[in-house]
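Chemist: got a sequence here, can you build the structure:
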Amino acid sequence: MTLASNFRENKAVYAVAGAGDFAVEKIREVPEQVTRYQGRARETATKYQGEVRETVDRYRGQVRDTVDRYRGEVTRYQERVDAKDLPGAAVAYATHFGTRAVGFIDELAERGKKVVHREAVEVAELTEADAKPAARTRTAQPRKPAKGTLESKSTGQSKSTGQTRSTTKKNGA
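Modeler: This is a model prediction of the structure:
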């Protein structure tokens, strides 16, 4: 198996690609949301500026009363909770969280698989487009004749022009 095929079969790679695609999608939405919320925030701030101080003063007293009341209720609930139940509750929460996490990773992997395959198709198309012009430009260029030879137009063979090349050894063989 090649490295590329190992990556194609790896769920983690797809999950990372899906997470990246999801992040890009959400980041592209941010500028529009920021400008929309900036306008709303300014309008709301000016509209409710006077009412905020009155409301804060009113709720300050209510919060103190509520805190005192809940202190008594917490003491009562502490007496009813059995420490033996805590591990079971923790296991239930962990199982629920694990199930949700696996589902989310599966969704990201499916999204990533689409992204990876879409990109692979685009790369293949670009590679094919680049290969076609390259094949056209790589045609064989006619060779220039070496100095001292003339090329025959009819046969394309070189003829000697007075300079000789010896193919035999000069030692008499």
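Chemist: what are the phi and psi angles of residue 82?
Modeler: The phi/psi pair for residue 82 (degrees, to the nearest 10) reads phi -100, psi 130.
Chemist: count the neighbours of it for me.
Modeler: 6 (other CB atoms under 10 Å). For every residue, glycine as well, the C-beta is placed using N, CA and C.
Chemist: now residue 67
Modeler: Using other CB under 10 Å, the number of residues around residue 67 comes to 9.
Chemist: and the helix or strand hosting it, how far out from the chain middle?
Modeler: Assessed by DSSP states H and E, residue 67 sits inside helix 11-80. Helix 11-80 has its C-alpha centroid displaced from the chain centroid by 29 Å (CA atoms, centre = their mean, to the nearest Å).
Chemist: so which elements touch that helix?
Modeler: Secondary-structure packing of helix 11-80 (3 or more CB pairs under 8 Å, 6 or more residues apart in numbering; DSSP states H and E): helix 86-137.
Chemist: quick one: mean pLDDT over the helix it packs on.
Modeler: The average pLDDT for helix 86-137 rounds to 84.
Chemist: tell me what that helix is packed against?
Modeler: Here helix 86-137 touches helix 11-80, going by 3+ CB pairs under 8 Å, 6+ apart.
Chemist: and if we set it to 10 Å?
Modeler: helix 3-8, helix 11-80 (3 or more CB pairs under 10 Å, 6 or more residues apart in numbering; DSSP states H and E).
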